[in-house]
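1. fold the following and give me the result.
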Amino acid sequence: MPTRNIQYRSDIIANRTKYETRIDIESNVIADKTWSHQLFLCCDDCGLCCITALLPCVTFGANARQIEAGSCCMYALCCLIPIVNLVALQNIRTQIRMRYGISGSAFNDFLMVCFCAPCTILQEAKELKLQPGENIARTW
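-> Numbers count the residues shown, from 1 in each chain. Below you'll find the model as predicted:
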């Protein structure tokens, strides 16, 4: 079984490296990966862009379902309720970022969803499309 070289914050100080096969659930892993698509590059997937522009709750619900965060319909409805939508959007973005080792912070995620929520939903959907082993196909 191949192992991954993962550096922990405490090990950087001591200049040591630990070898693990899975990412630490408690976020002690330093993420060095970035999002596959830039935040404002929307039009390279025209179908997904149109759906997200017209009905962002549909794409957001599909994102939540794909990372198994909960019901597609529940998250789509949460997307329509003020204040609740910000918390739900930030929660899903943070889960995606942590699952795939993308650098960032929960505060940064919150700022992104506050100021450009449709773009963040689209960026998350594109990231989930690229990840191997996911079983939900997007047809738009």
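2. let me know the pLDDT of the most centrally placed residue in the chain.
-> With distances taken as CA atoms, centre = their mean, I96 lies nearest the centre of the chain, 2.7 Å away. Note on I96: pLDDT of 91.
3. same check, this time on the one 5 residues further on
-> The pLDDT attached to G101 in the predicted structure is 88.
4. and if you look at the one 3 residues further on?
-> pLDDT, G104: 89.
5. mind telling me what element the residue nearest to the centre of the chain is part of?
-> Assessed by DSSP states H and E, I96 sits inside helix 84-99.
6. tell me how far that helix lies from the chain's centre.
-> 7 Å (CA atoms, centre = their mean, to the nearest Å).
7. not counting its neighbours along the chain, what's nearest C116?
-> In this structure, C116 finds its nearest non-sequential neighbour in L39, 6.7 Å apart by CB to CB, 6 or more residues apart in numbering. (C-beta placed from N, C-alpha, C; glycine too.)
8. for that neighbour, what are its contacts?
-> M112, C116, C119, T120, Q123 (CB atoms under 8 Å, 6 or more residues apart in numbering).
9. thank you kindly, that will do.
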